[in-house]
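Enquirer: Below are the sequence and a predicted model; questions follow.
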Amino acid sequence: MERLGAAFYNNDTLTVAQQLLGCELVHETPEGLTAGIIVETEGYVTGDPACHAYRRQTTRNAAMFGPAGTLYVYQIYNHYNCINVVTSPEGVGEAVLIRALEPTEGIDLMADRRNEAFKTGFERYRNNTVDPGTKKGFRNLCNGPGKLTIALGISRQRDNNSSLITGTIYIRGPVQTDFDMVTTTRIGLTQGVDLPYRYYINGNPFVSKK
DNA sequence: AAATTGATGGGCT
DNA sequence: GCCCATCAATTTC
């Protein structure tokens, strides 16, 4: 499958959020290629109080106002990074949060990165490990927004504001199309809690939360 | 099985 | 100073 181009991202944000399900997120690095099928997304739009661009443009959210196909990486809870696909024309701050992946390529590299993150993370997690050889460990590689950025080796400093159209992080067209989509409310918010902007592949075991 | 909580730092008001 | 688009252990039913 080929890398998606500007036309895919330059569309209604909630439409893109739904169309991303079944597509494959890829990161090419010197250590190897890691990739996974997008199984869960959330849309953040203009007028939505939970959207980071709700108030005004700042240094943190500047990438959200970039052209469609820009990557927005932000730090959350002092520790984790989350990634968004920027949609809508330049100057409009809307994006799609990628919340979970079904790993397809570079499984061992993903596990290495997750295990390295445990070693250098919170004291209480230093002895944690993830074993991709077990069903549970495999599921645990990318089933959350903070986990998948670790597994794919995505860095806020290096990758925020990069281009999905020309960069080393990109998205391939749909590799999975035969599924039912569930539409529901978003996770972890205190604002806009009732907006049904979360989408996931029904029955997929890699979705972060039912 | 579900709810609670500790870790912990940058960005905004 | 206050607010989090999380993760995983712990506590509680």
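Expert: Sure, I can see it.

Enquirer: Can you name the residue of chain A nearest DNA strand B?
Expert: A:Thr58 (2.8 Å; C-beta to the nearest atom of the strand). For glycine as for every other residue, the C-beta is placed from the backbone atoms N, C-alpha and C.

Enquirer: What spatial separation is found between that residue and A:Asn115?
Expert: 35 Å (C-beta to C-beta, to the nearest Å).

Enquirer: Equivalent analysis for A:Ala50, please.
Expert: Applying C-beta to C-beta to A:Ala50 and A:Asn115 gives a distance of 32 Å.

Enquirer: The residue of chain A closest to DNA strand B in helix, strand or coil?
Expert: On the three-state scheme (DSSP: H, G, I helix; E, B strand; the rest coil), A:Thr58 is labelled coil.

Enquirer: Run the chain-centre distance for stretch A:109-129.
Expert: Centre-to-centre, stretch A:109-129 and its host chain are 20 Å apart (C-alpha atoms, centre = their mean, to the nearest Å).

Enquirer: what comes up buried for it?
Expert: Residues A:109-114, A:117-118 are the ones in stretch A:109-129 that count as buried (16 or more other C-beta atoms under 10 Å).

Enquirer: same question, stretch A:192-209
Expert: A:192, A:195, A:197-201, A:204, A:206-208.

Enquirer: Is DNA strand C within reach of the top strand by length along chain A?
Expert: Taking DSSP state E as the criterion, chain A has its longest strand at strand A:32-44. Yes: using C-beta under 7 Å from any atom of the strand, strand A:32-44 reaches DNA strand C at A:42, A:44.

Enquirer: That strand and DNA strand B in contact?
Expert: No: judged by C-beta under 7 Å from any atom of the strand, strand A:32-44 makes no contact with DNA strand B; its nearest approach is 14.2 Å.

Enquirer: which of the buried residues of stretch A:109-129 are close to DNA strand B?
Expert: Answer for the buried residues of stretch A:109-129 near DNA strand B: none qualify (C-beta under 7 Å from any atom of the strand).

Enquirer: and which of the residues you listed is nearest A:Tyr74?
Expert: Distance to A:Tyr74 across the buried residues of stretch A:109-129 (C-beta to C-beta) is lowest for A:Ala117, with 17.4 Å.

Enquirer: I'd guessed the closest one sits against A:Leu152; true?
Expert: No: here A:Ala117 lies out of contact with A:Leu152, judged by C-beta atoms under 8 Å, at a distance of 11.8 Å.

Enquirer: longest single helix anywhere in chain A?
Expert: Counting residues, the longest helix found in chain A (DSSP state H) is helix A:107-119.

Enquirer: Identify all contacting residues around that one.
Expert: A:31-32, A:34, A:103, A:125-132, A:137-138, A:140-142, A:147, A:150-153 (C-beta atoms under 8 Å, 6 or more residues apart in numbering).

Enquirer: Filter the residues you listed down to the buried ones.
Expert: Members of the contacts of helix A:107-119 classed as buried by 16+ other C-beta under 10 Å are A:34, A:103, A:130, A:132, A:138, A:140-142, A:147, A:150-153.

Enquirer: now, among the residues you listed, which is nearest to A:Met64?
Expert: Closest to A:Met64 out of these is A:Leu152 (20.0 Å), distances taken as C-beta to C-beta.
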